[in-house]
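In: Just the structure for this:
(4 chains)
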Protein chains: 2
Amino acid sequence: MDVAERKRLTARDWTVAALNALAEGGLAAVAVEPIAACLGATKGSFYWHFSNRNALLEAALLQWEQVNTEEIITLIDADPDPHSRLRNLLNLILAHPADPPVDRVMLTLQADASHPLVAPVFARVTRRRLDYFTELFTACGFPPGAAHRRSLLAYTAFLGHAHLASTSPELVPAGADRRDYVDSLVTTLVTP
Amino acid sequence: MDVAERKRLTARDWTVAALNALAEGGLAAVAVEPIAACLGATKGSFYWHFSNRNALLEAALLQWEQVNTEEIITLIDADPDPHSRLRNLLNLILAHPADPPVDRVMLTLQADASHPLVAPVFARVTRRRLDYFTELFTACGFPPGAAHRRSLLAYTAFLGHAHLASTSPELVPAGADRRDYVDSLVTTLVTP
DNA sequence: CCTGATCCATACGCCACCGTATGGTCATAC
DNA sequence: GTATGACCATACGGTGGCGTATGGATCAGG
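Out: Have a look, this model is predicted:
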């Protein structure tokens, strides 16, 4: 939670902390004073690195967009086989909540999706992810319409899975059950 | 938004307004004074009907649980054919956001799912909905394991669909596309 | 060492919301 | 008609977060 015993903070420290707060308590938790306390500092430090709360929010959102979408796509794109890419991606994003990367920010942000700073980032991320899924299904040989429909199902299943895993982790398959579930989902998405 | 020209308010008026606020702006929007203003009243009225903000929240959550889960289940259960029930249910909950009943409260509440008043209601609703899906697939002849897996896919697809429809309605199929999408989803869920 | 720049703490005013206290209004019972 | 109780407005103190101002600390270069 805290940053050990560092005396001087950097702007990045604040955006990381803000992103954690965002994942934990939603947009309302991105509050200067609580985050300062959590970092062992005060507002005086914050207002040196950022002009105001919105600037922090903006930086945190951009960082989220970068880390949690673009980096994952470049990671997955390393594999040359489209079927492998699809399987790897689903296996990654349908991870059990015990593993970290269920995208909690996407969920907590949903409540404030109409916020002027959130909306554009949100729209870009959604569009990018859906387009990538469509690209994957197209590479697997599906015609445009079918590829789009399947990408929709894949992405909504991911979102719902993240939602469920985040609020009722005990209802989400784990271990061998999870493997079976992912396998059957991949099969469902790739056949006919 | 407002309640026209009624002079006296009832407790139900407040819970309805609270539920609207919840769907619009999340848990933080369930604030006494703004809702009072929205109802054309003041706090003095509110604290006559409720002991405090938590009481209002609790009432609103119970009402949501009742209207948005139990009533839908009893509505669907009127049909004797399990396949029809499944189709009707999916057709209802995968409605286009232009139609009302996409469950926005479920989404905005997600951000504060760990709130002491929200968590139990949330857990009950999730469990109830998943159990009902499982019950449907069992009635359709699936063995327990498969029924559970399919209920999981159906419910997560619904959640993700609601999420997507709420934040990027233009990316969700409408009209004839929607019918095709629901049809293909029903087919996918009911075969093998 | 001294100085300037960087980084941060403290103190302040502001606003939004919670909850309380108190008194006013209005309908109905009698 | 007036008394009672249901219903509501106003005014108040308390809290927590935002943003500003100002000065203290710390470090690098000369």
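
In: Kindly provide the distance from A:L152 to A:S184.
Out: Separation of A:L152 from A:S184 (CB to CB, to the nearest Å) stands at 18 Å. Just so you know, the C-beta spots here come from the backbone N, C-alpha and C atoms, and that holds for glycine as well.

In: Could you say which helix or strand holds A:L75?
Out: Using DSSP states H and E, A:L75 falls within helix A:71-76.

In: Please name every helix or strand in contact with that helix.
Out: helix A:82-93 (3 or more CB pairs under 8 Å, 6 or more residues apart in numbering or on different chains; DSSP states H and E).

In: ok, and what's touching the helix it packs on?
Out: For helix A:82-93, the external contacting residues (CB atoms under 8 Å, 6 or more residues apart in numbering or on different chains) are A:72, A:76-77, A:79, A:101-103, A:136-137, A:139-140, A:154, A:158, A:161-162, A:182, A:185-186, A:189-190.

In: Identify each buried residue in it, please.
Out: A:P82, A:R85, A:L86, A:R87, A:L89, A:L90, A:I93 (16 or more other CB atoms under 10 Å in any protein chain shown).

In: Make a markdown table from those and add distance to A:A29 and pLDDT to it.
Out: Output for these, formatted as a markdown table (distance: CB to CB, whole Å; pLDDT from 0 to 100):
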| residue | distance to A:A29 | pLDDT |
| --- | --- | --- |
| A:P82 | 39 | 94 |
| A:R85 | 35 | 95 |
| A:L86 | 35 | 95 |
| A:R87 | 35 | 94 |
| A:L89 | 29 | 94 |
| A:L90 | 30 | 93 |
| A:I93 | 24 | 91 |
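
In: which of these lies closest to DNA strand C?
Out: A:I93 (35.5 Å; CB to the nearest atom of the strand).

In: Up against DNA strand C, what does chain A have?
Out: A:K7, A:R8, A:L9, A:A36, A:G40, A:A41, A:T42, A:K43, A:G44, A:S45, A:W48, A:H49 (CB under 7 Å from any atom of the strand).

In: circling back to that earlier point, just the buried ones out of the contacts of helix A:82-93, please.
Out: Applying 16+ other CB under 10 Å to those, the neighbour count classes A:72, A:76, A:102-103, A:136-137, A:140, A:154, A:158, A:161-162, A:182, A:185-186, A:189-190 as buried.

In: The closest residue to DNA strand C within chain A and chain B: what is the separation?
Out: At 1.7 Å from DNA strand C, A:G44 is the closest residue in chain A, using CB to the nearest atom of the strand. In this view, A:G44 and chain B are 27 Å apart by CB to the nearest CB, to the nearest Å.

In: Which phi and psi values does that residue adopt?
Out: phi -50, psi -40 (degrees, to the nearest 10).

In: quick one: it and A:T15, what's the gap?
Out: In terms of CB to CB, A:G44 sits 18 Å off from A:T15.

In: Compare those two (neighbour count), which wins?
Out: Comparing A:G44 with A:T15 by other CB atoms under 10 Å in any protein chain shown, the one with more neighbours is A:T15, at 22 against 8.

In: What residues does chain A have near chain B?
Out: Residues of chain A lying close to chain B (CB under 8 Å from any CB of the partner chain) are A:25-28, A:107-113, A:122-123, A:126-127, A:130, A:149, A:152-153, A:155-161, A:163-164, A:166-168, A:171-173, A:180-181, A:184-185, A:188.

In: picking that back up, counting only helices, which of the residues of chain A next to DNA strand C make the cut?
Out: Using DSSP state H, the members of the residues of chain A next to DNA strand C that fall within helices are A:A36, A:K43, A:G44, A:S45, A:W48, A:H49.

In: Return the item of these having minimum pLDDT.
Out: Lowest pLDDT within these is found at A:G44 (88).
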